[in-house]
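Enquirer: Below is the sequence, then the predicted model.
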Amino acid sequence: MDIKDKISTLVPGVEFKEQGDLIAVIPAASFHRAAEALRYDKEDAMDYLRDIVGMDWGETLGALYYLESTTTHARIVLRTETADRENPLLPSVSDLWKTAVIKEREAFDFFGIRFTGNPDMRRIFLREDWVGHPFRKDYDEKSNELNMNNEVNADVTTEYTLKADGTLTTEKHVVFEPDDFVVNVGPQHPSTHGALRLRVALDGETVKRVDPVCGYIHRGIEKMNESLTYPQTLALTDRLDYLSAHQSRHALCMCIEQAAGIEISERAKYIRTIMDELQRIDSHLLFYSCLVLDMGGFTPFFYGFREREMILQIMEETTGGRLIQNYNMIGGVQADLHPDFQKKVKEFIKHMRGIIHEYHEIFTGNVIVTTRLKGVGVLSKEDAISFGATGGTGRASGWANDVRKHHPYGLYDKVDFKEIVYTEGDSFARYMVRMDEIMESMKIIEQLIDNIPEGEYRVKTKPIIRIPEGNYSTSVESSRGEFAVFLESHGDKTPYRLHYRSTGLPLVHALDTACRGQKIADLIAIGASMDFVIPDIDR
Amino acid sequence: MNTSFLDYYSIQPVTSWIHEALCSVMPEALAIFIECVVIGVVIVALYAVLAIILIYMERKVCAAFQCRIGPNRVGGKGGLLQVPADVLKILTKEIIRLKNSDHLLYDLAPYLVILASILSFSCLPWNKGAHILDMNIGILFVLAASSIGVVGILLAGWASNNKYTMIGAVRSGAMIISYELSLGIIVLSMVVLSETASISGIVESQANGWNLFKGHAIAILAFVVYLIAGNAEANRGPFDLAEAEQELTAGYHTEYSGLHFGFFYLAEYLNLFITAGFASTLFLGGWMPLHVAGLDGFNAVMDYIPGVVWFFGKTFFVVWLLMWIKWTFIRLRIDQVLVFEWKYLMPTSLLILILMVVLKVFGLVF
């Protein structure tokens, strides 16, 4: 049955928008019923909630729900809204998808929409004493003075429930009991990989609960985008997940190109795909280094950096940057490949294949490593899907979620590569997925590097691009999961709302489930094996 | 067995000559007092110099393992002045006083750690006739003195009033107390083999062969167990859970700065040296030269190398072994550390002790 017919029978009189993505507009009253029916559908269960995008449409506040089925990989967008701007309430879907708990907190933080039934309605990125909700179009930027006092974190969360007679009741949930031994891991800590803060309740050495506190490097990138022209928005994507700089920018460029109807050259596609894969190897090498360092191994740490340096030099020659590269542009790439590029990439692949055994000899086969990683921090497949833990973390749990396979972009439909899937779901499987993906990425590059067609690397575009009204989205497989761009345009030269799917936020959210009952040392190792990057969580 | 080289090694004549020269110009009590002061100063100076050498060695050794060069700018090509410069820097650093700490215990802790370290350091047999603390139960005194260190670590963790330091201190306490058992039992097995608990006696009993070779495979197994337990005692990787930078930022000494931190740092490196020093005393013959039965010419040449060189050579070899271990393995987890000790290492060391006694009783040792 067609998805449109299915929704129409569920909710009579549902409205569809088809400018760009297919969106089903569902009234808030019947939204939860419709979502539940789609989630548990017999033939095509939409069991993966990609993202919730809070929206301010002027008269109404609402949210877009991007759903995907893990079996058929079909996608659908749901839209629901409320006209009450003073006290906006929407039904929560946190009972259907676990990831909604944290995604709805984001929508509450930025738009002030309270989700009835969500057990945790604290702010997530901004301070708990922040005034107003900054992503609303009528937000006054001067409403918050610079606050020099320490933020006090609440140990209690509030759940709102809407009764049938329209009254709102509240219920308290305790995060930490008063006599819990709560340790702050971060925001300044050697192994949180950035300014992430975890409040961890301990029972001796055993972890009882992990509560992530995000937002220490929240820069409001999505808000900034709303006042930037489309070419200007590109500058900020490299600053999200700096180890997926190419992939993130690739996604945004593709989204704008699709929406504006710009056709890029074959050469640009080759360059983008090769760069994406180089970036993936770069990121996975750094993953290896960070994992071993977090477990106390200093020597293997340098192995990863030794080979990563070669990639950075290759990238520097072509793009001029090592971490922030600003290489993809609307219509192609910034500059043509350096004349030595192909030679050096081939040299690197040869070197890497010859030296990868060193990585495994010092780390993978070590008895301390296997006892510390195997069977630790297990995330089941159901949990991985429900949390939306994409990328290597999901694939280690047996969830085949590689965007390159299921929604090919670039040249991924033309190259032959294996999607690495493990079923154990423990830290060791997460580690092995990355190590195997390094080999697959090299295979992809080898297939492309000798066949780069001649042609222009960039088609000319106008400096001011106007995108026709509608909702557009693209997703790519970044180094650590599905990175997606959700764009709503109202026909202006600036986006009305430009939202990025964070690859790390679901992983941090899943940390609590994976770490409970494990030791402190495991918390650090599990965190490293999940491989999140903080600027991408906070945006 | 030709033992004439022992007379060549002894520095007893020199020390007796100095003592007599002093006695001829002053009362004997004053002479002994002056000698004690001088020896004390020498120990502390040697302690500091050895720390500098060890830190430099650690930096160079780990750099070699990690495909790096290591210090190479300060003080010429080899970076020889890097560590003295760092020591100078730490001497000038402010000692930060915490508002909500237990001041007395907080200040006391580093001194306890360094005291334990210097006490056991003074028992090392440097050369024949150069034992500073030597008594008939010397090796038991070392075990007792080195245990004071864990009190300092526990106090440091407790008095800092910080959750990280507390976890680090508790880990350290649990680990050191556990591994001390294996260490003590292994030391006992070597006492059985040498028939004495005096440190100089243990060394001299090895004149006709090092304990490592005298006790067959059992002594070699004992040496391995000693290295593991000694590594844990010295709080070094893969047993550095008490500091565990990636988990507990700096473990029990997170809140220490300046010279107080310097004391912990110094003690850590010297404990490495002490562990290695007693490994060479117990197993590798201390200051005894290497003799191979039958090669008289070779043995004669070996005899010309002074004992103190032998001692340092062997000790730095063991130090290098321990550094190799540290820079190869990743850190263990606390439950694994304790399970390893109580389930495997301690039964093994008990077995070693029993086998060693059996060997000795039936005269099966060399």
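Expert: Happy to help now that I have it.

Enquirer: Assess the claim that residue B:114 and residue B:263 are in contact.
Expert: Yes: at 4.7 Å, residue B:114 and residue B:263 qualify as touching, with contact defined as C-beta atoms under 8 Å. No exception for glycine: its C-beta is placed from N, CA and C like everyone else's.

Enquirer: for chain A, longest helix please?
Expert: Determined from DSSP state H, the single longest helix within chain A is helix A:266-294.

Enquirer: can the helix or strand that that helix is followed by be found next to chain B?
Expert: Counting by DSSP states H and E, the next helix or strand C-terminal to helix A:266-294 is helix A:298-319. Yes: on the criterion C-beta under 8 Å from any C-beta of the partner chain, helix A:298-319 is in touch with chain B at A:298-299, A:301-303, A:306.

Enquirer: Can you classify residue A:471 as helix, strand or coil?
Expert: Following DSSP: H, G, I helix; E, B strand; the rest coil, the label given to residue A:471 is strand.

Enquirer: and it, what does it touch?
Expert: Residues in contact with residue A:471 (C-beta atoms under 8 Å, 6 or more residues apart in numbering or on different chains) are A:17, A:19-21, A:23, A:64, A:77, A:486-489.

Enquirer: how far away is it from residue B:281?
Expert: Noted for residue A:471: a distance of 77 Å to residue B:281, by C-beta to C-beta, to the nearest Å.

Enquirer: Need the outlier residue of chain A, farthest from its centre.
Expert: Taking C-alpha atoms, centre = their mean as the measure, the residue most remote from the mean C-alpha position of chain A is residue A:165, 38.6 Å away.

Enquirer: Make sure that residue is indeed in a strand.
Expert: No: applying three-state DSSP, one finds residue A:165 to be coil, outside a strand.

Enquirer: That one and residue A:89, how far apart?
Expert: From residue A:165 to residue A:89 the distance is 14 Å (C-beta to C-beta).

Enquirer: One more: residue A:377?
Expert: Counting by C-beta to C-beta - residue A:377 and residue A:89 are separated by 36 Å.

Enquirer: neighbour count winner among the two?
Expert: Under the criterion of other C-beta atoms under 10 Å in any protein chain shown, the comparison of residue A:377 against residue A:89 puts residue A:377 first, with 26 against 16.

Enquirer: That one contacts residue A:524, correct?
Expert: No: Residue A:377 sits out of contact with residue A:524 when judged by C-beta under 8 Å, with a separation of 10.6 Å.

Enquirer: and residue 265, what does it touch?
Expert: Went with chain A since none was named. Applying C-beta under 8 Å, 6+ apart, the residues near residue A:265 are A:332, A:455-459.

Enquirer: let's do chain B instead
Expert: Counting by C-beta under 8 Å, 6+ apart, residue B:265 has contacts residue B:90.

Enquirer: secondary structure element for it?
Expert: Per DSSP H and E, the secondary structure element for residue B:265 is helix B:258-282.

Enquirer: buried residues in the helix or strand that that helix is followed by?
Expert: Later in the chain than helix B:258-282, the nearest helix or strand by DSSP H and E is helix B:296-303. Buried residues in helix B:296-303, counted by 16 or more other C-beta atoms under 10 Å in any protein chain shown: B:299, B:302-303.

Enquirer: quick one: pLDDT of residue A:511?
Expert: Here, the pLDDT recorded for residue A:511 equals 89.

Enquirer: Help me confirm that it comes into contact with residue A:525.
Expert: No: using C-beta under 8 Å, residue A:511 makes no contact with residue A:525, being 11.7 Å away.

Enquirer: Report how many residues lie close to the residue nearest to residue A:501 when sequence neighbours are not counted.
Expert: Distances taken as C-beta to C-beta, 6 or more residues apart in numbering or on different chains place residue A:484 nearest to residue A:501, at 3.8 Å, with adjacent residues excluded. Neighbours of residue A:484 under the rule other C-beta under 10 Å: 25.

Enquirer: Likewise for residue B:111?
Expert: 12.

Enquirer: mind checking how far it is from residue B:62?
Expert: From residue B:111 to residue B:62 the distance is 29 Å (C-beta to C-beta).

Enquirer: what does residue B:290 give?
Expert: From residue B:290 to residue B:62 the distance is 28 Å (C-beta to C-beta).
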